[in-house]
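[1] need coordinates for the below:
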Amino acid sequence: MTETSDAATPFVRSQVRDGFAILTLDSPHNRNALSARLVTELLTALENAGKDDAVRGVVLTHTGNTFSAGADLKEALDADPAAAADIRTRWMVSVLRTILELPKPVVAQIDGNVRAGGMGIVGACDLAVAGPGSSFALTEARIGVAPFVISLTLLPRLSPRAAARYFQTGETFDATEAERIGLITVAAADPAAEVARLLGELRLGSPQGLAESKRLVNAALLAEFDRSADELARRSGGFFGTPEVIEGMTAFFQRRPPSWAQ
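    Numbers count the residues shown, from 1 in each chain. As a prediction, the model looks like this:
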């Protein structure tokens, strides 16, 4: 599938249904990678949902077999590495913080692959439900970097042993393991049905009650986020353009092992 040239076709589709904003990542041609266009549309949709009094919460879901593959590496490879890395990390910070501080619950509904920045988004969501078609991995170390910015939402969710393992090995794991280690809330045979059930429970909470409860849950996470985001963004940007990252990204696109793995 090739990218459509129709600028009117959104990469993030938004609709309000039964009091919840359903935001669908709809850029399957690049596995819902966090391109400039998708990030811009996602931030706008989240901000609109936050301001709409008719919206009680947000469901973040996807088309295709991938929730999100993280950064758009094709964009990264085609651009000046240092400048592009700085822009991408700032986008990631904005997306994660917007989800964390949105005064409404954000529920991830996943039945596909989640990688890199997509993992950070799952960590930022208040509730996350994943189906049997889901798989998860943090493969940054395999291209010469680390999950710098997304660690802000992942480390508070994951058990320390799980973080040490999956940050470094890049292993793929399923929804059952994701629930066990704290990345998601529920591994469900039917994620749509489970999300519908959870939305029914959320509807019983008042807007004020939900907003204040979310503030309590996320207070420590946001405090650490604000302390560390700039430093982690600088560290992240500083690695792009280094020989190892150029080799890692080139090997990824050439579908071959990088030099250090041969």
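[2] C-alpha from now on. contacts and neighbour counts both.
    Will do.
[3] mind checking how far G117 is from E194?
    According to C-alpha to C-alpha, to the nearest Å, G117 stands 24 Å off from E194.
[4] more crowded one of those two?
    The neighbour comparison of G117 against E194 (other C-alpha atoms under 10 Å) goes to G117, with 27 against 18.
[5] just give me the neighbour total for the nearest residue to that one once chain neighbours are set aside.
    Among residues not flanking G117 along the chain, G70 sits closest, at 3.9 Å (C-alpha to C-alpha, 6 or more residues apart in numbering). By the measure other C-alpha under 10 Å, the count of residues near G70 is 21.
[6] contact partners of stretch 41-48?
    With contact meaning C-alpha atoms under 8 Å, 6 or more residues apart in numbering, stretch 41-48 is reached by 10-12, 14, 23, 58, 94-95, 98-99, 102.
[7] ChimeraX command for the buried members of these?
    To isolate the buried members of the contacts of stretch 41-48 in ChimeraX, using 16 or more other C-alpha atoms under 10 Å:
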select :11,12,14,23,58,95,98,99,102
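[8] possible to save the contacts of stretch 41-48 as a markdown table with distance to F240?
    Converted to a markdown table, those look like this (distance: C-alpha to C-alpha, whole Å):
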| residue | distance to F240 |
| --- | --- |
| P10 | 29 |
| F11 | 26 |
| V12 | 27 |
| S14 | 33 |
| L23 | 31 |
| V58 | 33 |
| S94 | 20 |
| V95 | 20 |
| T98 | 25 |
| I99 | 26 |
| L102 | 30 |
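[9] so which of the contacts of stretch 41-48 belong to strands?
    Judged by DSSP state E, strands contain the following of the contacts of stretch 41-48: 12, 14, 23, 58.
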